[in-house]
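A.B. asks: I'd like to go over a predicted model; first the sequence, then the structure.
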Amino acid sequence: MTLKELQPQLLALTPEEKAQAIELLAQSLRKFWSGIQKTPGVCGGDACIRETRIPVWVLVNARGLGISEAELLEDYPTLRAADLANAWAYAEAYPDEIERAIREQEEA
């Protein structure tokens, strides 16, 4: 189901149900992407490794260019192996977003 298809149902919820839906969504994001942040105004709002300005797409692109995880950890000393695992999982879940970000950077 797409958000567009879901929109009429969301709008029909009572204010209390909307608050519950927001809380449910927020909880699911905190649990699943605890190591990934999107902050408006930081790195164009792209998904970044927690508390850094290292976009997930940069890591995915580097891996695609043949840079190993060990090299990434050496090049970015603030990263941990868990951060890379989070980045790969996020990229797998949102491939279109990551591909778009890489494409936009290549066109810039």
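C.D. replies: Now that the structure is in, tell me what you want to look at.

A.B. asks: how close does the residue lying closest to residue 69 once chain neighbours are set aside sit to residue 49?
C.D. replies: Spatial nearest neighbour of residue 69, excluding adjacent residues (CB to CB, 6 or more residues apart in numbering): residue 84 at 5.5 Å. Heads up, the C-betas are built off the backbone N, CA and C, glycines and all. In this structure, residue 84 and residue 49 are 9 Å apart, going by CB to CB, to the nearest Å.

A.B. asks: re earlier: now do the residue nearest to residue 69 against residue 90, distance only.
C.D. replies: 11 Å.

A.B. asks: who's more crowded, these two?
C.D. replies: Comparing residue 84 with residue 90 by other CB atoms under 10 Å, the one with more neighbours is residue 90, at 22 against 19.

A.B. asks: Return the residues in contact with the residue nearest to residue 69.
C.D. replies: 59, 69, 72, 73 (CB atoms under 8 Å, 6 or more residues apart in numbering).

A.B. asks: Show me which of these are buried.
C.D. replies: 59, 72 (16 or more other CB atoms under 10 Å).

A.B. asks: now the helices for the protein?
C.D. replies: Using DSSP state H, the helices assigned to the chain run over residues 3-11, 15-32, 56-64, 69-75, 81-93, 95-107.

A.B. asks: what about the fifth one, average pLDDT?
C.D. replies: In this model, helix 81-93 carries a mean pLDDT of 91.

A.B. asks: Tell me the buried residues in that helix?
C.D. replies: Buried residues in helix 81-93, defined by neighbour count with 16+ other CB under 10 Å: 83, 84, 86, 87, 90, 91.

A.B. asks: can you name the two of these that are farthest apart?
C.D. replies: Spatially, the most separated pair among the buried residues of helix 81-93 is 83 and 91, at 12.5 Å (CB to CB).
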